[in-house]
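**Q** sequence unavailable; structure follows:
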């Protein structure tokens, strides 16, 4: 039976729509402004003539940053860290979470206690730096991948997700002749796509936005990821490499800074549409069962 909405409910829905539209616009406005500024001529930006879209579109800022070898190299470094780091995270997290999901594993409670303990207490920055240095990873991209190979929080969620998969499916696979790895790759992982998609997004965004670890462990500018280079451009106003490219201009123009922000932001946004159908389900599954 169809119930006709009342005047009050229609007014409430309309008010919700207006408020949510305003919130969406407020959220998107900074991004739109940055994009408009990056596409505008420098003279128009300096006189404050850019709000939502420039009067004249020019790609000079993007041409400048992509012609700079230092910026392009940092972009390649970030892509490498994101792809290799995410695969490493998923591999190690899966291989540790799956056996911990089995109650028959000896020493399981002790290992889980240590995992939870690492969430509450950490060794600190100096011990972490000393470990990375002793392993010879200073000024290498591996210092941005290996120390964070496993997230303790994500590990617990993944373990809970594996526990929600019926044991009967694994037993049936073993009867058919599957070994432990066969059960994991043929039965468990295909059923775990929502969780894997969620953690892929979390890990990938974390690696793409890698900044603090790069500042601590990497001092060579040719190994900086894009976020560190962006920080040099925005906060310090220039970099040695861009000063050489700018010639007489000692401060990077605003249009180039905005173009760099767009280039550093947009690529990771394209990851979400491919994982969207699994994301909402993956965020919830495994989080309510201990």
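**A** Nice, I can see it. This one's a predicted model, so the numbers in the text were calculated from it and none came from an experiment.
**Q** lowest average confidence across helices and strands of this structure, where is it?
**A** Of all helical and strand segments in the chain, the minimum by mean pLDDT, DSSP states H and E falls on helix 240-246, at a mean of 52.
**Q** what helices or strands is the next helix or strand after it leaning on?
**A** Using DSSP states H and E, the helix or strand that follows helix 240-246 in sequence is helix 254-269. Contacting helix 254-269 under the criterion 3 or more CB pairs under 8 Å, 6 or more residues apart in numbering; DSSP states H and E are the following elements: helix 7-39, helix 42-46, helix 60-66, helix 69-100, helix 193-208, helix 226-234. C-beta here means a position set from N, CA and C on the backbone, and glycine is covered the same way.
**Q** looking at those, which is nearest to residue 179?
**A** Smallest distance to residue 179 across those (CB to CB): 13.2 Å, for helix 69-100.
**Q** in the closest one, which residues are buried?
**A** 70-71, 73-75, 77-78, 81-82, 85-86, 88-90, 93-94, 96-98, 100 (16 or more other CB atoms under 10 Å).
**Q** just how off-centre is stretch 123-140 within its chain?
**A** 23 Å (CA atoms, centre = their mean, to the nearest Å).
**Q** would you mark the buried spots in that stretch?
**A** For stretch 123-140, by 16+ other CB under 10 Å, it's 132, 137, 138, 140.
**Q** just stretch 25-45 next, same as before
**A** 34, 35, 36, 37, 38, 39, 40, 41, 44, 45.
**Q** got a list of what the fourth one touches?
**A** By that I understand residue 37. Taking CB atoms under 8 Å, 6 or more residues apart in numbering as the criterion, residue 37 is in contact with 45, 50, 54, 254, 255, 258.
**Q** got a winner among those for most neighbours?
**A** Neighbour counts for the contacts of residue 37 (other CB atoms under 10 Å) peak at residue 255, which has 26 neighbours.
**Q** what's the distance between that residue and residue 28?
**A** 20 Å (CB to CB, to the nearest Å).
**Q** with residue 44 instead?
**A** 21 Å.
**Q** burial measure for the spatially closest residue to residue 268 that is not a sequence neighbour, as a count.
**A** Closest residue in space to residue 268, ignoring its immediate chain neighbours: residue 208 at 4.4 Å, by CB to CB, 6 or more residues apart in numbering. Using other CB under 10 Å, residue 208 is surrounded by 22 other residues.
**Q** my guess is residue 208 meets residue 269, correct?
**A** No: using CB atoms under 8 Å, residue 208 is not in contact with residue 269; the gap is 9.9 Å.
**Q** give me the residue at the spatial middle of the chain.
**A** residue 205 (0.3 Å; CA atoms, centre = their mean).
**Q** show me what contacts the residue nearest to that residue when sequence neighbours are not counted?
**A** Nearest in space to residue 205, with sequence neighbours left out and distances taken as CB to CB, 6+ apart, is residue 268 at 5.9 Å. With contact set as CB under 8 Å, 6+ apart, residue 268 has these partners: 82, 204, 205, 208, 209.
**Q** again, 7 Å this time
**A** The neighbourhood of residue 268, defined by CB atoms under 7 Å, 6 or more residues apart in numbering, consists of 204, 205, 208.
**Q** give me the pLDDT for it.
**A** What the model reports as pLDDT for residue 268 is 84.
**Q** ok, it to residue 157 distance?
**A** 21 Å.
**Q** try residue 80
**A** Distance from residue 80 to residue 157, by CB to CB: 27 Å.
**Q** now swap in residue 194 and tell me
**A** 11 Å.
**Q** what of residue 139?
**A** Taking CB to CB, one finds residue 139 at 33 Å from residue 157.
**Q** relative to residue 223, which of the contacts of residue 37 is nearest.
**A** When the contacts of residue 37 are compared against residue 223 (criterion: CB to CB), the nearest one is residue 258, at 25.1 Å.
**Q** verify the contact between that closest one and residue 34 for me.
**A** Yes: with contact defined as CB atoms under 7 Å, residue 258 counts as touching residue 34 (4.9 Å).
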